[in-house]
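**Student:** have a look; sequence and predicted model below, questions after that.
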Amino acid sequence: MKFIKSTLPDNETIEMEISFHWTHTLVAWLYLLFLGWLIIGVFLFISMYLEKWTTERALTNRRLILKRGFIRRKTEEISFNRVEEVNLSQSILQRILGSGDIKVTGTGAGEIMLKNIDDPLDVQKRVNELRNWE
């Protein structure tokens, strides 16, 4: 959360940090174990770990912020007063393991996709609470 914390104005606070589910790391290791003898397994492992290390996702008291990248940085954010929909997507396995994807759609502001997050029901509930508070 180093980048997000450093860019917040004084009147904005982080309400919730959104982390990757542990299965993200497990899948990266499985790629390395089973496809490591192929160069593709090493590349998949490295790309998944880089994604985890260089992605920050947080809910503040005013907006949803997603930051990706290390050298080249890309940020996406939606103010809660612009949030139109908060959609949850979970497969059966994701539901059992407690992971899932959330798509937050804003009015005129596009959408932010949060993939393979930990405790998606709590994130969905928190976004809805914060957007109704505005």
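**Tutor:** Sure thing, it's come through.
**Student:** quick one, what contacts the residue nearest the centre of the chain?
**Tutor:** The centroid of the chain falls nearest to Leu114 when counting by C-alpha atoms, centre = their mean (3.8 Å). When contacts are counted by C-beta atoms under 8 Å, 6 or more residues apart in numbering, Leu114 is found next to 18, 57, 66, 101-104, 120, 123. In this view, the C-beta of every residue, glycine as well, is placed from N, C-alpha and C.
**Student:** how about a cut-off of 6 Å?
**Tutor:** 57, 102 (C-beta atoms under 6 Å, 6 or more residues apart in numbering).
**Student:** where's it relative to Phe20, distance?
**Tutor:** Per C-beta to C-beta, to the nearest Å, Leu114 is found 10 Å from Phe20.
**Student:** what bridges to the residue nearest to the centre of the chain?
**Tutor:** Per DSSP bridges, residues listed as beta-bridge partners of Leu114: Ile102.
**Student:** any idea whether the residue of the chain positioned farthest from its centre is helix, strand or coil?
**Tutor:** Here the centre of the chain is the reference, and by C-alpha atoms, centre = their mean the most remote residue is Trp37, at 30.4 Å. With DSSP: H, G, I helix; E, B strand; the rest coil as the basis, Trp37 sits in coil.
**Student:** any idea how far the residue nearest to the centre of the chain is from Arg62?
**Tutor:** Remark: distance between Leu114 and Arg62 (C-beta to C-beta) = 17 Å.
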